[in-house]
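*Asks:* 3D, please:
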Amino acid sequence: MKNSLVIILILLGTIFSSSINAQKFDEKKLDSIHSYLLEFQSKIKEKDTAGLMNLIYPLNINNDDVRKKMIRHIFHNDENKMGDFSFSNKAFDLIVDTIYKKITPISDELRAMLSQNEEFKSLLQKNTNSDIAVLDFRGAHIVLLVNNQPFQLYFWEGMNKLLKD
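*Replies:* Have a look, this model is predicted:
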């Protein structure tokens, strides 16, 4: 699993740093994404593991349920962690409050690069660009599936970089 995550992180770092000309979601879609993030935030505050499991895509790498790892990081709430799945309530609050407006549909460039990775390949084959939302802001990278209800978190890294000046 560790090798797969390293490959994903390298691809995401390269891709996100070069994602340009991204399209934008309309206000209605952004409002829906914001509602999803508020629900996610509520599940965190309630320490509702089952609720969070429903809001995170069931990604398995090497027979390991990545959702469980994500939830461990969420509940650990470590503002000093900067890598994959780094999470803090303070950083997430920033996203929910204002930064969510920077979420865009996946670009063609990002789609092409991610399709080289097995974990992303099947996801990309099943979804259009407007079904996959990405945040690339100040070193934080988030991928959401926004094609069905409930929306689902697919991946994130570097969220706590939002706390740095």
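*Asks:* Can you tell me the number of residues neighbouring Lys29?
*Replies:* Neighbours of Lys29 under the rule other Cβ atoms under 10 Å: 15. C-beta coordinates here come from the backbone N, C-alpha and C atoms, glycine included.
*Asks:* before we move on, what about Ala112?
*Replies:* The burial count assigned to Ala112 is 11, neighbours taken as other Cβ under 10 Å.
*Asks:* can you tell me which helix or strand it belongs to?
*Replies:* Taking DSSP states H and E as the definition, Ala112 sits inside helix 108-114.
*Asks:* Worst mean pLDDT across the helices and strands of this structure, which element?
*Replies:* The helix or strand of the chain with the poorest confidence is helix 2-18; it has a mean of 52 (mean pLDDT, DSSP states H and E).
*Asks:* what helices or strands is the helix or strand just after it leaning on?
*Replies:* Downstream of helix 2-18, the first helix or strand assigned by DSSP H and E is helix 27-45. Contacting helix 27-45 under the criterion 3 or more Cβ pairs under 8 Å, 6 or more residues apart in numbering; DSSP states H and E are the following elements: helix 49-55, helix 89-97.
*Asks:* hang on, Tyr57 packs against Leu145?
*Replies:* Yes. With contact defined as Cβ atoms under 8 Å, Tyr57 counts as touching Leu145 (5.8 Å).
*Asks:* which neighbours do these two share?
*Replies:* Residues touching both Tyr57 and Leu145 (Cβ atoms under 8 Å, 6 or more residues apart in numbering) are 123, 152-154.
*Asks:* Which residue in those residues has the weakest pLDDT?
*Replies:* In terms of pLDDT, Leu123 ranks lowest among those, with 84.
*Asks:* quick one on the thing from earlier: packing partners for the helix holding Ala112?
*Replies:* Using 3+ Cβ pairs under 8 Å, 6+ apart, helix 108-114 sits against helix 2-18, helix 118-126.
*Asks:* thinking again about what came up before, could you identify the most distant pair in the shared contacts of Tyr57 and Leu145?
*Replies:* Spatial extent of the shared contacts of Tyr57 and Leu145 (Cβ to Cβ) is set by the pair Leu123 and Leu153 at 12.5 Å.
*Asks:* Any idea how many residues pack against Ser130?
*Replies:* So Ser130, with other Cβ under 10 Å, has 14 neighbours.
*Asks:* correct me, but it touches Pro105?
*Replies:* Yes. Assessed by Cβ under 8 Å, Ser130 is found in contact with Pro105 at 4.8 Å.
*Asks:* which residues are common contacts for the two?
*Replies:* Jointly contacting Ser130 and Pro105 under the rule Cβ under 8 Å, 6+ apart are 23, 25.
*Asks:* Many thanks, have a good one.
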